[in-house]
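**Student:** Got a predicted structure here, sequence first:
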Amino acid sequence: MNRLYVILAMMLFGIPGIPPALMAGDGPVYAVAAEGENADARVSVQAARCLWFLFFDGQGNLIEAVANPHQRTPGGAGPQAADFLAGKGIQTVIAGEVGGKMADALKRHGIDHRTATGSAADAVRSAINK
């Protein structure tokens, strides 16, 4: 929110140029469906019913680990998980598998998804280097 105030003040008072750091998003870019809450955790086989979502920035740094709020949802976990991730500003979801309903919901949100195995950190590094 503070970034918005700075940008508005710069526009109002005619300060030329907006520093790139203010324009760059500092939120998560990648969400990894994981079996644990740290970067070394294994990528979960299931995206929508994983234990944890690990959020990484564009440089591959772990920003946050969040317990999946839809892990035990009786029905429609995929679309609900996709909505949750879209609300976090995620651009790419990484998991062992992404079900059809979740894939459709991610597509509606403009979120890419890819499959991976191994550690969450390695999966994100691989995605960054592609």
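**Tutor:** Cool, the structure landed. Here the structure is a predicted model, which means the values were calculated and not measured. Residues are numbered from 1 along each chain as shown.

**Student:** give me the beta-bridge partners of Ala33?
**Tutor:** Legend: beta-bridge partners of Ala33 under DSSP bridges are Phe53.

**Student:** i'd like the first residue to be 4 from this point on
**Tutor:** Will do, 4 is the new start, and the previous item becomes Ala36.

**Student:** Hmm, it is touching Ala44, no?
**Tutor:** No - using Cβ atoms under 8 Å, Ala36 makes no contact with Ala44, being 9.9 Å away. For the C-beta atoms, the positions are set from N, CA and C on the backbone; glycine is no exception.

**Student:** burial count for Asp43?
**Tutor:** If you count neighbours by other Cβ atoms under 10 Å, Asp43 ends up with 12.

**Student:** residue contacts, it?
**Tutor:** 122-124 (Cβ atoms under 8 Å, 6 or more residues apart in numbering).

**Student:** Could you list which of these belong to helices?
**Tutor:** 123-124 (DSSP state H).

**Student:** So between Ala36 and Ala44, which is more surrounded?
**Tutor:** Applying other Cβ under 10 Å to Ala36 and Ala44 shows that Ala36 carries more neighbours, namely 31 against 21.

**Student:** about what we covered before: which of the contacts of Asp43 ranks first by neighbour count?
**Tutor:** Ala123 (30 neighbours).

**Student:** looking at it, that residue is touching Ala44, isn't it?
**Tutor:** Yes - the criterion here is Cβ under 8 Å, and Ala123 meets it with Ala44 at 5.3 Å.

**Student:** what sits in contact with each of these two?
**Tutor:** 37, 57.

**Student:** Go through stretch 40-53 and flag the buried ones.
**Tutor:** Buried residues in stretch 40-53, defined by neighbour count with 16 or more other Cβ atoms under 10 Å: 40, 42, 44, 46-47, 49-53.

**Student:** Make JSON lines from these and add secondary structure and distance to Ala89 to it.
**Tutor:** Output for those, formatted as JSON lines (DSSP: H, G, I helix; E, B strand; the rest coil; distance: Cβ to Cβ, whole Å):
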{"residue": "Glu40", "secondary structure": "coil", "distance to Ala89": "22"}
{"residue": "Ala42", "secondary structure": "coil", "distance to Ala89": "23"}
{"residue": "Ala44", "secondary structure": "coil", "distance to Ala89": "23"}
{"residue": "Val46", "secondary structure": "strand", "distance to Ala89": "20"}
{"residue": "Ser47", "secondary structure": "coil", "distance to Ala89": "19"}
{"residue": "Gln49", "secondary structure": "strand", "distance to Ala89": "19"}
{"residue": "Ala50", "secondary structure": "coil", "distance to Ala89": "14"}
{"residue": "Ala51", "secondary structure": "coil", "distance to Ala89": "14"}
{"residue": "Arg52", "secondary structure": "coil", "distance to Ala89": "18"}
{"residue": "Cys53", "secondary structure": "coil", "distance to Ala89": "16"}
